[in-house]
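Test case, fold it:
(3 chains)
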Amino acid sequence: MSSLREARRDPAVEPFLRIEGVTKRYGAVAALEGVDLSIWRGEFFALLGGSGSGKSTLLRCLAGLIQPDGGRILLDGQDMAGVPAHERPVNMMFQSYALFPHLDVARNIGFGLKQEGAPKALVRERVGEMLALVRMEGFANRRPHELSGGQRARVALARALAKRPKLLLLDEPLSALDKNLRESMQFELQRIQETTGTTFVIVTHDQEEAMTMATRLAVMDRGALVQVGTPAEVYEFPNSRFTADFLGTANIFEGVIETVTPDGARIASKELDLDILAEGEPPKPQGSRAFVAIRPERMRIARATPDDGPAANRAVGRVRDIAYAGNVFLYHVVLEGNAGKEIRVTQPVLRRITERPVDWEDRVVVTWDRHAALVLPE
Amino acid sequence: MRQIGKLALPLGLGFAFLYLPLLLMALFSLNDSRMVTSFSGFSLRWYAALWRNEALMEALFLSLRIAAISATMATILGILAGFALARLGRFRGRTAFAALMAAPLVMPEVIIGLSLLLLFVALESAFGFPARGAGTVAVAHATFSAAYVAVVVQSRLAELDESLEEAAMDLGARPWGVFRQVTLPLAAPAVGAGWLLAFTLSLDDLVVASFVSGPGATTLPMVVFSAVRLGLTPELYALATLLVLAVALALVLAWRLLRRWPG
Amino acid sequence: MRRTVVLALPLLWMAVFFLAPFVIVLSIAFAEAAEGLPPYAPLLRWVGDGLPVLQLNLGNFQLLLEDPYYLDAYRRSLTVAGISAMLCLLLGYPMALAIARAPERWRSPLLLAVMLPFWTSFLLRITAWIGILQDAGWLNGALLALGLITEPLHILYTDAAMYLGITYGYLPFMVLPLYANLVKHDTALLEAAADLGAKPWRAFLQVTLPLSIPGMIAGFLLVFIPAVGEFVIPELLGGPGAQLIGRVLWTEFFQNRDWPLASALASALLLALVLPIALFQWRAARAR
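Residues are numbered from 1 along each chain as shown, chains lettered A, B, ... in the order given. I've put the predicted structure just below:
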């Protein structure tokens, strides 16, 4: 994986897939607005976004199922404009799997090779290879309706890989599966991606799925890329309120950058009636308005003593709600002060609960470290 | 919550209404007597008489031939039209095209028959062809049956997951290959049902055929119609019974096939 | 490109064999009847110096409007079709509802059983009713044998027979769209109504019935429109007085050989049907 990152930073290495200013409109609605994106060979790249973000439209442009209104798509140096779907070295695993119900598993997998007029022996060999790859040996003669959801996913993957495409597109491939199966299929997809070395581009609305599987991901909103980076980069350093709250959750506060020192910045938050200290150099100059994101799991919560009051990186409030999720407690805390802002704090459940450390309506003090606070560039 | 309950009674009465006439006909087709209303004994003589009735048998074979030809023409037209409506998206004039294809469904037969006859007469006086006969009947039948086939094909295609065709394209199939390898096999039950429907519509038509047919091309319904006007005979019951049985058999077979069809 | 290939054949076919004939019907409706074949005078005539003269004859339409015979036929056709469609609705609604509420594996065989008569010879099925209804028919035979009547009832060749025949012939057209509508209703709706205290009958009136209105309209139109032009049933079951428009047209064409008048009748019939047909098309387009 480190070699990947190096490749990405080496200006001499051409990206394998280059998307330049791709635009797609449906009437007055812009599904894609000038998307620029580079993906390198062997990456497992995730397009992450809500419904209507344009992620599926972008994927279908790559497959050639729809034509963009503007921009270019270059795959391995070749311009894809005017290349119809059936001539692209790109294959897709569909959300519904789209297995041909009138063909058995072997014929489904061999369908693509048959279109090229590949000799029967080669088709048979490749089908066997693919069945082994997705661990479905012995299912060659089954029809799709005789398979379980997970098995169908495997066949769909095998079929899409059978032609050894330069690029494999996966459209919400696991959304039809239940949670446990989805998790094991995520590992399977990673294993198969590593074994075959194929470049994967996956579309998903499930941030956990994107984080677990992808080497890099792009967060999309309203037809545009909001942020591109490795999962850790995007999670740790979201560039906007949208990504901060879309990937994981975040408490976001508004303030003004008061002082900037080598070891951090001090942001005065009217909303909180206190100062927030953030580590590192802020992306904005002194005196400017800024948003600060703090993740709920990076906050601590404790019962307040009567003389506890707000200070820097330390807020006081009252617990309005507690949700117990087994592994974590999620607290909704209404802060004291003029705005009455509500924040979310999660705490791991470290031991079996006999008594709650903090209870409903308790007056609590919420604290965080300066490295937990991030000043957002946007 | 979902149950028939008290509704079983009206359902039963409805079925009795639909089937009692057919059962009575079947029963009296086996009657020994010439009387069409009182049963005097079991006999197959009317079936034998049917077989010997040359005019009727000739008309039956002509009708079967016309039905097969017109159903095939209607199926080709209907597949194209159904495919266009279900798969070509919102092309310009789509609404008008849909209306034109569906219009024969609601057009009274007398109008279709009269208008087509006038067309054939006009063509004949202008170009010297077509001579009216089996051919013009088949064309007329194909024209109104195509609408039925189009509806059946279109609704099947609308049900089908479009990503199946996209997947085929994605895997390298050209448009014609997609149609031949994926769309057509999956729409086959609808195509078959459409053909069968067109076939029976043609076999059944009296009005349109009466208008557009010419001398020498007398179809089965035309023979039956003039026979009925002269009076009922057990022979007609025998014919009706055979037709009902044949259609029922074809339908049940088609239905069983359709139920197990993939997709 | 692909579009043109797919569209061309059906479009061309329908233009030649469906649209063009209407234009011809309309133009011949303005022609004058004449001896010969075809038995009408051409609209365009060449007079002395070679100039074409268009001669439109409004006499046919004038006759339709002035002769109460034709107006009556129209009125009766619309009434008969309307009443028959209502009868189909009354009979077909409980059937469609029963099938929609039947266990799932029973639904398609039951529906098939409703459709089966539709697929078999219409003419012969109507013939069966002659055997049932005639004075010495099965119905009178049964009633006499049971001692319910002493004299045979005259039913055949009356309006009652005609209504019976049309209802019988078109019942499947009513059941099918109604079923398609009713089977889509979410059972949870009725459960919710029951949960909120509605008795089954009230739940039907307040939930099922209003939701099935589109199905009722579709079924009504599917029966009404073809019934207006029906020829076979009034001819075989109705009395001599059952002069519906289809039958009148038939007589003008085949017996009187008045092609222009038959064309005028067809044009007027089409005009009378334009509104319900447009309604049907609009509903069909919306259903997609």
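
Tell me where the stretch 151-263 of chain B has helices.
B:162-170, B:175-178, B:184-204, B:207-212, B:220-230, B:234-259 (DSSP state H, counting those that start in this stretch).

tell me the average confidence for the third one?
Per-residue pLDDT values across helix B:184-204 average out to 92.

Next, the angle from that helix to helix B:162-170.
120 degrees (axes from the mean of the first three to the mean of the last three Cα atoms, to 10 degrees).

how about helix B:184-204 against chain C, any contact?
Yes. Shown here: helix B:184-204 in contact with chain C (Cβ under 8 Å from any Cβ of the partner chain) through B:L196, B:L197, B:T200, B:L203, B:D204. C-beta here means a position set from N, CA and C on the backbone, and glycine is covered the same way.

what's the answer for the last one, then?
Yes. Looking at helix B:234-259 against chain C by Cβ under 8 Å from any Cβ, the contacts come from B:L236, B:Y237, B:L239, B:A240, B:L243, B:V244, B:V247, B:A248, B:L251, B:V252, B:W255, B:R259.

Just the buried ones among the residues you listed, please.
B:L236, B:Y237, B:L239, B:A240, B:L243, B:V244, B:V247, B:A248, B:L251, B:W255 (16 or more other Cβ atoms under 10 Å in any protein chain shown).

where do the strands sit along chain C?
C:44-47, C:51-54 (DSSP state E).

Which of these comes out lowest on mean pLDDT?
strand C:44-47 has the lowest average pLDDT among the strands of chain C, namely a mean of 62.

Can you add neighbour count and distance to A:E33 and give the residues of helix B:184-204 next to chain C back as TSV?
Shown next, in TSV, are the residues of helix B:184-204 next to chain C (neighbours: other Cβ atoms under 10 Å in any protein chain shown; distance: Cβ to Cβ, whole Å):
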residue	neighbour count	distance to A:E33
B:L196	20	51
B:L197	24	49
B:T200	24	55
B:L203	25	59
B:D204	24	58
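
Scan the chain for its longest helix.
If you meant another chain, say so; for now it's chain A. helix A:179-196 (DSSP state H).

actually it's chain B I care about, not the one you picked
Per DSSP H, chain B has its longest helix at helix B:54-87.

Is it positioned near chain C?
Yes. Under the criterion of Cβ under 8 Å from any Cβ, helix B:54-87 makes contact with chain C via B:I76, B:L77, B:L80, B:A81, B:F83, B:A84.

I'd say the fifth one and C:R3 touch.
No. Taking contacts as Cβ atoms under 8 Å, B:F83 lies outside contact range of C:R3: 10.6 Å.

neighbour-wise, which of these two wins?
Using other Cβ atoms under 10 Å in any protein chain shown, the more surrounded residue of B:F83 and C:R3 is B:F83, with 21 against 12.

sorry, back to before: list just the nearest of the residues of helix B:184-204 next to chain C to A:R241.
Relative to A:R241, the closest of those is B:L197; by Cβ to Cβ it sits at 59.7 Å.

Show the contacting residues for that closest one.
Contact analysis of B:L197 by Cβ atoms under 8 Å, 6 or more residues apart in numbering or on different chains lists B:S145, B:Y148, B:V149, B:V152, C:W119.

let's see 10 Å
B:71, B:74-75, B:78, B:145, B:148-149, B:151-152, B:251, B:254, C:115, C:118-119 (Cβ atoms under 10 Å, 6 or more residues apart in numbering or on different chains).

pretty sure A:H86 contacts B:Q181?
No. Using Cβ atoms under 10 Å, A:H86 makes no contact with B:Q181, being 11.9 Å away.

if we can go back for a sec, please produce a PyMOL select command covering the buried subset of the residues of helix B:54-87 next to chain C.
The buried subset of the residues of helix B:54-87 next to chain C, as determined by 16+ other Cβ under 10 Å, is captured in PyMOL by this line:
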select buried, chain B and resi 76+77+80+81+83+84
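
Return the two entries of the residues of helix B:54-87 next to chain C that lie farthest from one another.
Pairwise distances across those (Cβ to Cβ) peak at 12.9 Å, for the pair B:I76 and B:A84.

got any residues that touch both of the two?
C:L9, C:P10.

What count of nearby residues applies to the residue of chain C found nearest chain A?
For chain C and chain A, the shortest gap (Cβ to the nearest Cβ) falls at C:R2, measuring 11.2 Å. By the criterion of other Cβ under 10 Å, C:R2 has 12 neighbours.

Now for the residue nearest to it when sequence neighbours are not counted, how many residues are close by?
Setting aside the residues directly before and after it, C:R2 is nearest to B:P175 in space (Cβ to Cβ, 6 or more residues apart in numbering or on different chains), at 5.8 Å. Residues lying near B:P175 (other Cβ under 10 Å) number 16.

what ranges do the helices span in chain A?
A:2-9, A:55-63, A:105-115, A:120-133, A:149-161, A:179-196, A:207-213, A:231-236, A:241-246.

what do you get for the stretch 1-150 of chain B?
So, for the stretch 1-150 of chain B - with DSSP H, counting those that start in this stretch - the helices run B:8-29, B:45-52, B:54-87, B:94-102, B:109-127, B:134-159.

Show me chain A divided up by domain.
For chain A, the structural domains run A:1-84+A:201-248, A:249-297+A:314-375, going by automatic domain parsing.

and the gap between the residue of the stretch 151-263 of chain B found nearest chain C and C:F122?
Per Cβ to the nearest Cβ, B:A240 is where the stretch 151-263 of chain B lies closest to chain C, at 3.7 Å. To C:F122, B:A240 is 11 Å away according to Cβ to Cβ, to the nearest Å.

Next: B:T233.
To C:F122, B:T233 is 19 Å away according to Cβ to Cβ.
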